[in-house]
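In: Have a look; sequence and predicted model below, questions after that.
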Amino acid sequence: MDLFDLNKVAHAMVAPGKGILAADESSGTIRKRFDAIKVESTEDSRRDYREMLFRSKDAISKHISGVILYDETIWQKARDGTPLIQLIEQAGAIPGIKVDEGTQPLPNCPGEVVTVGLDKLTGRLAEYYKRGARFAKWRAVIDIGKDIPSMTAIHVNAHALARYAALCQTAQIVPIVEPEVLMDGDHDIDRCYEVTQRVLNKTFQELRIQRVALEGMILKPNMAISGKNSAKKSSVEEVAEKTVRLLKTCVPAAVPGIAFLSGGQSDEDATAHLDAMNRIGGLPWKLTFSYGRALQAAAQKAWSGKTENVSAAQQAFSHRARMNSLASKGEWKVDLEQKKAA
Ligand code: 13P
C-alpha cells in the first residue's frame, strides 16, 4: 500500500469548494427515481441520464471532485462510443465505484440488515482499478426504531465496513466508509445523535483493529438530524451545531475529510446544513458533500427522459453543484436560491 498516494487522492476528493456526486444508484433504486419522472428504466435510459450528468463539464470541473459510479455505468459507453468513465476524467474529476452488493436481513435481529459483498471483492477491486476507479464506496444501513439498532447490527456492519476498507487500501483504492443511520422514523435529533455516536465509535474501533490507515479514507456519515416523521424539526443551527459536536467526539483528525450523504433531506436543507457547519469553522477535517438525491432530484425532474430537456437538466444540476460548492466553503446564501427560482 502506498499511503502517500492514498492520502493524496483522499485530499483531492475533499479539495476546497468541491464535493462528490453520488451517481451510484443500484438498478432498483434508479428505477424508483425514474418511476417518479415516468421514465422507463432501461440500459439505454440509464446511460442517457448519466451521460447528461457527466457531460455537465463546467459544473463537474468546477464543483465536483469525484463521481461514484455503479457497476453497470463504469463499463458503459456514451452514445458516441466514449466510455462514460472517460467523460468524468476529461472533466477533471476522479471516478469512484460502489462495491457493496446491498443488504440482507440480519439473522436473529428482526428488522435489521447487514451489507454484503466481501466475497471476491479483491478481484473486483483489481478490475475497477484497471478501469480507472481510484476510490470506492460501501454503505452500511442502520435503522432507528423502538428496540433497534441492536449492538449486533452495529457490530457486524462496522466489521464489514472495516474489512472492505482494508481490502480497498491494499488495492490502492481510497475507501469511502459510509455508515448511514437512516432518517426514517419519528425519532428526535437527540436520539439520532446518540445512535450515530455509537455507530461511529464502533466503526472507528473496527477500522483500528483492522489496521486501516485513517489518512487514506473518507468518512461519509449522516448528519445529526430529526427523523422524517418527527413532530419537531430542528433548526439549521441546531443540526449544524450537534453534527459538528458529534463528529468532533468520534472522528480522529487524521481522517482527511468527511463527505455527507443527503439521506432524504430537501435540496435546500442539505445545502443549508453543510453551509452552517462550515461557518462554525476551526475543524480538523474538510466537511463537504457526497450527495445523491440532493444533487440530482432537480435535474431528474427537468430531464424527464427527453433529449430536448438535456440542457435544462444540466442547468439544474449545475445550480445544485454550485450551491453545495459554496456551502462546502461556508459561503452559501439563501437568496442565491431565490434568484434562481425567480
Ligand atoms: P443520498 O445523498 O441520496 O442519501 O445518497 C448518497 C449515497 O450515496 C447513499 O449511499
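Out: Happy to help now that I have it.

In: Run through the residues of the stretch 51-200 of the chain sitting next to the ligand.
Out: Among all residues of the stretch 51-200 of the chain, those adjacent to the ligand (criterion: Cβ under 6 Å from any ligand atom) are 139, 178. C-beta: built from backbone N, CA, C; applies to glycine.

In: where do the strands sit along the stretch 51-200 of the chain?
Out: 64-69, 94-98, 103-105, 113-115, 135-142, 174-181 (DSSP state E, counting those that start in this stretch).

In: okay if I get the ones you listed as a markdown table plus mean neighbour count?
Out: Formatted as a markdown table, those follow (neighbours: other Cβ atoms under 10 Å):
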| stretch | mean neighbour count |
| --- | --- |
| strand 64-69 | 27 |
| strand 94-98 | 26 |
| strand 103-105 | 12 |
| strand 113-115 | 20 |
| strand 135-142 | 24 |
| strand 174-181 | 27 |
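
In: Including mean pLDDT and distance to residue 298, could these go into a markdown table?
Out: Below are those laid out as a markdown table (pLDDT from 0 to 100; distance: least, Cβ to Cβ, whole Å):
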| stretch | mean pLDDT | distance to residue 298 |
| --- | --- | --- |
| strand 64-69 | 99 | 16 |
| strand 94-98 | 98 | 22 |
| strand 103-105 | 98 | 28 |
| strand 113-115 | 98 | 29 |
| strand 135-142 | 98 | 23 |
| strand 174-181 | 99 | 22 |
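
In: closest to residue 213 out of the ones you listed?
Out: strand 174-181 (9.9 Å; Cβ to Cβ).

In: about what we covered before: adding distance to residue 158 as columns, could you present the strands of the stretch 51-200 of the chain in CSV?
Out: Output for the strands of the stretch 51-200 of the chain, formatted as CSV (distance: least, Cβ to Cβ, whole Å):
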stretch, distance to residue 158
strand 64-69, 21
strand 94-98, 19
strand 103-105, 14
strand 113-115, 11
strand 135-142, 7
strand 174-181, 7
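
In: Identify the residue nearest whichever residue of the stretch 101-250 of the chain sits closest to the ligand in space, chain neighbours excluded?
Out: Closest to the ligand within the stretch 101-250 of the chain is residue 139: 4.3 Å, counting by Cβ to the nearest ligand atom. Ranked by Cβ to Cβ, 6 or more residues apart in numbering and with sequence neighbours excluded, the top spatial neighbour of residue 139 is residue 178, at 4.4 Å.

In: so who does that neighbour touch?
Out: By Cβ atoms under 8 Å, 6 or more residues apart in numbering, the contact list for residue 178 reads 137, 138, 139, 140, 161, 219, 220, 221, 261.

In: Next up, the contacts around the nearest residue to the first one once chain neighbours are set aside.
Out: Think residue 137. Excluding the flanking residues, the one nearest residue 137 by Cβ to Cβ, 6+ apart is residue 176, at 4.3 Å. Taking Cβ under 8 Å, 6+ apart as the criterion, residue 176 is in contact with 20, 68, 96, 135-138, 217-220, 259, 290.

In: thinking again about what came up before, so which of the contacts of residue 178 is the closest to residue 203?
Out: Of the contacts of residue 178, the one sitting nearest to residue 203 (Cβ to Cβ) turns out to be residue 161, at 5.8 Å.

In: so how far is residue 4 from that closest one?
Out: Separation of residue 161 from residue 4 (Cβ to Cβ, to the nearest Å): 24 Å.

In: higher neighbour count, the two?
Out: residue 161 (26 against 9; other Cβ atoms under 10 Å).

In: Thought residue 142 was touching that one, still the case?
Out: No. Look at residue 161 against residue 142 with Cβ atoms under 8 Å: they stay out of range, at 11.0 Å.
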